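Visitor: Please work out how this folds:
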Amino acid sequence: MIKTVDLKKHFLIGRHQILHAVDGISLDIAENEILGLVGESGSGKSTFGKTLIGLHERTSGEAYYRGQPLPAKFTAADHSRYSTDLQMIFQDPYASLNPRMTVLDIIGEGLALKGIPRADIQQRVGFWLERVGLHPDHMSRYPHEFSGGQRQRIGIARAMIIEPKFVVCDEPISALDVSVQAQVVNLLQDLKQSLGLTLLFIAHDLSMVRYISDRMAVMYLGSLVESGPSDAVFFEPKHPYTQLLIASNPEADPAIERTKPTQHVIGEITSPVNLGPGCRFADRCPKVLAECHDVTPEAILIATDHQVACHLYAG
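Guide: Reported below is the predicted structural model:
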């Protein structure tokens with residue numbers, strides 16, 4: 001359903017200063033699949049999702065939806081054309097909701113733009129409020145009357161009410177209580193089955209990503225370092241960064257967590273400004289090779305649908 005080829009998004013932040021937020025991502029997402037995208041803060045996950053659906057203009061590369069190329073810079077007509085198919089659940093539940101609009105107008109805006117009668121919009125908004133764990137009476141309220149978790153659920157309802165085919169979920173559960181997180185994740189899985197939904201699920205919780213995702217992709221400093229089936233990436237990580245990321249995931253059993261050996265990541269995160277060739281993780285990698293600093297590694301298929309971009313597996 002979704003395909004990107006060497007997608008890049010760079011920001012000019014000063015004279016001769018270019019921030020490489022997304023630096024050559026090639027990725028496929030099959031129809032009715034949930035792809036989990038993980039990586040530490042600042043790796044470019046959210047920027048990739050926003051660039052993919054046209055909220056940021058692409059610097060270079062290609063993006064396709066159902067085999068058709070998506071424009072590098074979306075016009076108002078493009079947004080209108082693709083909005084019923086491509087949607088996004090935003091990370092910040094405070095900045096993503098218009099404080100001057102009621103919940104009814106926020107969630108029902110997409111339906112209103114399609115010309116749906118007001119009475120039908122109210123009925124469908126009430127239905128979706130219940131599906132995300134809120135009450136239909138809440139539709140007359142304003143965003144400031146809700147907690148962060150409740151706002152996030154409003155954002156989920158807004159994206160889902162028009163029944164899109166592909167949704168970028170930018171950390172949709174980060175602002176929710178643990179009990180509600182499970183409800184939302186189960187809701188997304190139900191929607192995947194009932195609506196044939198395809199998701200790009202961006203998150204930091206590796207265990208949750210493994211639980212909900214069919215495949216997992218790992219980003220570091222704008223580049224894709226590893227991708228494959230969720231269980232394969234989680235239990236048999238190949239890239240040194242993925243191995244350290246998985247090792248940092250806490251164990252559910254406190255006794256095991258206390259006895260687990262600690263693996264430290266050496267060095268500081270490389271600045272994403274004016275990046276040169278080489279592996280992005282080279283300055284912090286415990287298994288660094290000489291060529292890692294000068295030669296950008298290519299993605300190598302090491303098992304069925306399991307790819308890693310690392311010189312350790314070249315040749």
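Visitor: Which positions within stretch 162-172 qualify as buried?
Guide: I162, P164, K165, F166, V167, V168, C169, D170, E171, P172 (16 or more other CB atoms under 10 Å). From N, CA and C alone the C-beta is placed, and that goes for glycine too.
Visitor: The third one contacts I2, doesn't it?
Guide: No. With contacts counted by CB atoms under 8 Å, K165 stays clear of I2, the gap being 9.8 Å.
Visitor: shared neighbours, those two?
Guide: Taking CB atoms under 8 Å, 6 or more residues apart in numbering as the contact rule, K165 and I2 both touch T198.
Visitor: Run through the residues that contact E291.
Guide: With CB under 8 Å, 6+ apart, E291 has these contacts: H311.
Visitor: So what sits opposite the residue positioned nearest the centre of the chain in the bridge?
Guide: Nearest to the mean C-alpha position of the chain, by CA atoms, centre = their mean, lies I202 at 2.8 Å. Counting by DSSP bridges, I202 forms beta bridges with L37, D170.
Visitor: mind checking the SS state of the residue nearest to G108 when sequence neighbours are not counted?
Guide: Closest residue to G108 apart from its sequence neighbours, by CB to CB, 6 or more residues apart in numbering: I121 at 4.1 Å. Under the three-state scheme (DSSP: H, G, I helix; E, B strand; the rest coil), I121 adopts helix.
Visitor: and I121, how many neighbours does it have?
Guide: 21 (other CB atoms under 10 Å).
Visitor: all strands for the chain, in order.
Guide: Remark: strands assigned in the chain by DSSP state E are 2-14, 17-29, 34-38, 60-65, 68-69, 86-89, 166-170, 198-202, 215-220, 223-229, 299-303, 306-309.
Visitor: got a list of contacts for the last one?
Guide: When you say that, I think you mean strand 306-309. 223-229, 232-233, 238-239, 242, 279, 297-302.
Visitor: can you rerun that using 10 Å?
Guide: Applying CB atoms under 10 Å, 6 or more residues apart in numbering, the contact partners of strand 306-309 are 24, 26-27, 215, 217-218, 220, 223-229, 232-233, 236-240, 242, 279-281, 296-302, 313-314.
Visitor: Now which of those residues would you call buried?
Guide: Among the contacts of strand 306-309, those buried by neighbour count (16+ other CB under 10 Å) are 24, 27, 215, 217-218, 220, 223-229, 232-233, 237-240, 242, 279-281, 296-297, 300.
Visitor: hang on, the earlier thing: quick check: the residue nearest to G108 vs Q87, distance?
Guide: 17 Å (CB to CB, to the nearest Å).
Visitor: now swap in P254 and tell me
Guide: On the measure of CB to CB, P254 and Q87 end up 39 Å apart.
Visitor: For those two, indicate the residue with more neighbours.
Guide: Using other CB under 10 Å, the more surrounded residue of P254 and Q87 is Q87, with 22 against 9.
Visitor: Quick one, grab the pLDDT at the more buried one.
Guide: Predicted confidence (pLDDT) for Q87: 94.
Visitor: Using CSV, lay out the strands of the chain together with distance to L187.
Guide: Shown next, in CSV, are the strands of the chain (distance: least, CB to CB, whole Å):
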stretch, distance to L187
strand 2-14, 22
strand 17-29, 20
strand 34-38, 13
strand 60-65, 24
strand 68-69, 29
strand 86-89, 12
strand 166-170, 11
strand 198-202, 12
strand 215-220, 20
strand 223-229, 23
strand 299-303, 32
strand 306-309, 29
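Visitor: Can you tell me how far the residue nearest to the centre of the chain is from Q123?
Guide: I202 sits 32 Å away from Q123, taking CB to CB as the criterion.
Visitor: same check, this time on Q91
Guide: For Q91, the distance to Q123 - CB to CB - is 30 Å.
Visitor: Looking at the two, which has the bigger crowd around it?
Guide: Neighbours were counted for Q91 and for Q123 using other CB under 10 Å; Q91 has more, 20 against 14.
Visitor: isn't the more buried one right next to G148, touching?
Guide: No. Here Q91 lies out of contact with G148, judged by CB atoms under 10 Å, at a distance of 11.2 Å.
Visitor: Show me the common contact partners of these two, please.
Guide: Shared contacts of Q91 and G148, defined by CB under 10 Å, 6+ apart, are found at S174, A175.
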